[in-house]
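with the input below, show me the fold.
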Amino acid sequence: MAAPRRLQLTLALLKPDAVAHPLMGEAVHAAILRHRFLIVRAKELRFGPEQSRRFYREHAGRFFYQRLVEFMASGPMWAYILAHENAVPLWRSLMGPTKVFRARHSDPGSIRGAYGLTDTRNTTHGSDSPASASREIAFFFPEFDEQRWYEQDEPQLRQGQLFYSAEERVHRVRRAQQAEGT
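Residues are numbered from 1 along each chain as shown. Model prediction:
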């Protein structure tokens, strides 16, 4: 039997439209768990307009930029670091197309197909490549040391040495003393 492949990280955001409706936010969180993502970190936060501009600076000058910046600063959101063997493409597939009209017709079972309101208020964000994931994770989780995580936690998580903390909304490495007590 082949050993599990190395886990890949991605950033996932639940945008203010999803967080404003607790049942929608919980449904997305449940979908993350159902699709066997490991939640490495999770936190609720609120962007100010300047943070929003910095995060979306690659879109500056595009027709939707100001609307997106204002929307992302309009309320709380959840940021997640997700891990899976194919985290980036799997999360993007689960989200569905960016354009909600397209998502509703071509992928109605996707998160955006089910919950998206408009192309801006489309429930979620996800990194588009491993390089973007590293950059975006560092933006939202500056305290997270990706290299250290890959050296220390990833091998144990990949081998299934983990538990899910519903209170913290994250998966944790099961340490030897925890295993003895359970």
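
so Val100 touches Ala114, yeah?
No: if you go by Cβ atoms under 8 Å, Val100 and Ala114 don't touch, sitting 10.1 Å apart. From N, CA and C alone the C-beta is placed, and that goes for glycine too.

these two: which has the busier surroundings?
Val100 (21 against 17; other Cβ atoms under 10 Å).

contact partners for that one?
Arg112, Gly113, Gly116, Leu117, Thr118, Asp119, Asn122 (Cβ atoms under 8 Å, 6 or more residues apart in numbering).

same thing but 6 Å
Listed by Cβ atoms under 6 Å, 6 or more residues apart in numbering, the contact set of Val100 reads Arg112, Gly116, Asp119, Asn122.

from the contact counts, what lies against the helix or strand harbouring the first one?
This means Arg112. According to DSSP states H and E, Arg112 maps onto helix 111-115. Here helix 111-115 touches helix 100-106, going by 3 or more Cβ pairs under 6 Å, 6 or more residues apart in numbering; DSSP states H and E.

the chain: helices as residue ranges?
Counting by DSSP state H, the chain has helices at residues 16-19, 22-34, 49-55, 65-72, 87-95, 100-106, 111-115, 130-140, 146-152, 154-158, 176-181.

as TSV, the ones you listed with distance to Trp78 and mean pLDDT would be great.
Formatted as TSV, these follow (distance: least, Cβ to Cβ, whole Å; pLDDT from 0 to 100):
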stretch	distance to Trp78	mean pLDDT
helix 16-19	6	96
helix 22-34	7	95
helix 49-55	15	95
helix 65-72	13	95
helix 87-95	14	98
helix 100-106	20	95
helix 111-115	13	96
helix 130-140	10	97
helix 146-152	20	96
helix 154-158	21	91
helix 176-181	26	50
